[in-house]
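Chemist: sequence and predicted structure below; questions after.
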Amino acid sequence: MPRRQSIFAAAGALAAASLLLAGCASGTAEAEPSTAAATSVTVEDNHGEVEVPVNPKRVVALDNHVFETLSAWDIPLAAAPKGVMGTDIWPEYTGDEAVLDVGAHFEPNLESIVAAQPDLVIGGYRFAESYDQIVSQNPDAAVIEIAPREGEDPAAELVRQVEILGQIFDREDEAAKIVADFEQSVADAKQAYDGSSTVVSLMTSGGEISYIAPVTGRGLGMLYPALGLKPGIEQAADDTSHGDDISVEAIAAANPDWIVVIDREGAMTDAEGYVPAKQLIEGSEALANVTAVKSGQVVYVDPAFYLREDIQTYTGVYEQLAKAFGAAS
């Protein structure tokens, strides 16, 4: 029997037996057509096919990519990793003591998942290394990982993720609207870009500036192929997760027309050593004469970007760029 499906198979067998007895009792030759909604759906997660209950009652979500969608759909959570969710982004989860705390991925409290008695666990992303343990500890739950897969098209992976959530929570129309908004934002930003201005993407953290490489760099790398952006610096990524070391002198020498910035600690302003990205970049004497800085063409993405990285966040980034590129032209 396929993995993690025994409980659903047993339920299906019981339902089938009940229908057979009912048919025998009535003596009806042909069964009445069923109008009942499906109680489960088979989805293709990062490991294979998994049978998942439709509209599960007790949900544990560990993947930061899904919180915004679940929040928008008013999906309650039984447990979540409050340690990596910020404090003010999803207060209905982080501020609710009834939502058990799974902690952070580097020191997870997996026992809280068991205590939550989930029907569904949406794992993966920062918690990918805990997958096998979560599955073994929660045999009666459907456990899925639908975080963007390495080596796949990042935009397509974001779309896939929200479409799977639409299937599970019977919100396929809402999921389609989220996808349509995302695709429109990409089209608008691509149309607004002039095709020749150079772009450098950066990340700030702990009072330091790091470089995000085109294509493979964390978070913003996908913007380059999606919009046809011309890189101001042609340097491959060594660290695809946290950005690469770069000096302000190197940025100044590249003299990009545009700078796009992730403030890694923007949603955690109490972080030790926190300095706002705007202060690091626009307050730097070495960067004062860079075209992007002089022209006011520095785009700071959503402060919660690093904690979210969901399809809605990227929609917002593309909308920002469409507006900024359009105003400049």
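Modeler: That came through fine. Numbers count the residues shown, from 1 in each chain.

Chemist: in the stretch 101-250 of the chain, what residue spans correspond to helices?
Modeler: For the stretch 101-250 of the chain, the helices defined by DSSP state H, counting those that start in this stretch occupy 111-115, 131-137, 154-168, 172-192, 223-227, 248-254.

Chemist: other SSEs contacting the last one?
Modeler: The one in question is helix 248-254. strand 198-205, strand 208-212 (3 or more Cβ pairs under 8 Å, 6 or more residues apart in numbering; DSSP states H and E). To be clear about C-beta, it is placed using only N, CA and C from the backbone, and glycine gets the same treatment.

Chemist: for residue 78, give its distance to residue 132.
Modeler: Taking Cβ to Cβ, to the nearest Å as the measure, residue 78 falls 21 Å from residue 132.

Chemist: between these two, who's got more neighbours?
Modeler: Comparing residue 78 with residue 132 by neighbour count (other Cβ atoms under 10 Å), the higher total belongs to residue 78, at 22 against 9.

Chemist: pop out the phi and psi values for the nearest residue to the more buried one once chain neighbours are set aside.
Modeler: With Cβ to Cβ, 6 or more residues apart in numbering as the criterion, residue 78 has its nearest non-adjacent residue at 3.8 Å, and that residue is residue 116. With angles defined as degrees, to the nearest 10, residue 116 sits at phi -70, psi -10.

Chemist: what's around residue 116, how many residues?
Modeler: Residue 116 - counted by other Cβ under 10 Å - has 22 other residues nearby.

Chemist: just checking, it touches residue 60?
Modeler: Yes. Residue 116 is within contact range of residue 60, at 5.4 Å (criterion: Cβ atoms under 8 Å).

Chemist: between the two, what contacts are shared?
Modeler: Listed as contacting both residue 116 and residue 60 by Cβ atoms under 8 Å, 6 or more residues apart in numbering are 78, 79.

Chemist: next, the distance between the ends of stretch 293-311.
Modeler: By Cα to Cα, to the nearest Å, the extent of stretch 293-311 from end to end equals 28 Å.

Chemist: tell me the buried residues in it?
Modeler: By 16 or more other Cβ atoms under 10 Å, the buried positions in stretch 293-311 come out as 293, 297-311.

Chemist: show me the contacts for the closest residue to residue 124 other than its chain neighbours.
Modeler: Distance criterion Cβ to Cβ, 6+ apart; nearest residue to residue 124, sequence neighbours excluded, is residue 145 at 3.3 Å. Taking Cβ under 8 Å, 6+ apart, we find residue 145 in contact with 45, 46, 47, 63, 122, 123, 124, 125, 128, 131.

Chemist: right, and out of those, which lies closest to residue 154?
Modeler: residue 125 (13.3 Å; Cβ to Cβ).

Chemist: wait, that closest one touches residue 67, no?
Modeler: No. Counting by Cβ under 8 Å, residue 125 does not reach residue 67; the two are 10.7 Å apart.

Chemist: neighbour count: those two, which is higher?
Modeler: residue 67 (26 against 19).

Chemist: and the gap between the more buried one and residue 126?
Modeler: Taking Cβ to Cβ, one finds residue 67 at 12 Å from residue 126.

Chemist: what is the distance between stretch 215-228 and the centre of its chain?
Modeler: Chain-centre distance of stretch 215-228: 16 Å, with Cα atoms, centre = their mean, to the nearest Å.

Chemist: and that stretch, what's buried?
Modeler: Buried, per 16+ other Cβ under 10 Å, within stretch 215-228: 217, 218, 219, 220, 221, 222, 223, 224, 226, 227.

Chemist: what's the closest of these to residue 197?
Modeler: Nearest to residue 197 among those is residue 227, at 11.0 Å by Cβ to Cβ.

Chemist: residues contacting residue 322?
Modeler: Per Cβ under 8 Å, 6+ apart, neighbours of residue 322: 185, 188, 189, 191, 192.

Chemist: wouldn't the first one be in contact with residue 313 here?
Modeler: Same thing as residue 185. No. With contact taken as Cβ under 8 Å, residue 185 and residue 313 are classed as non-touching, separated by 10.9 Å.

Chemist: go through the contacts of residue 145 and name the one nearest residue 284.
Modeler: residue 125 (32.9 Å).
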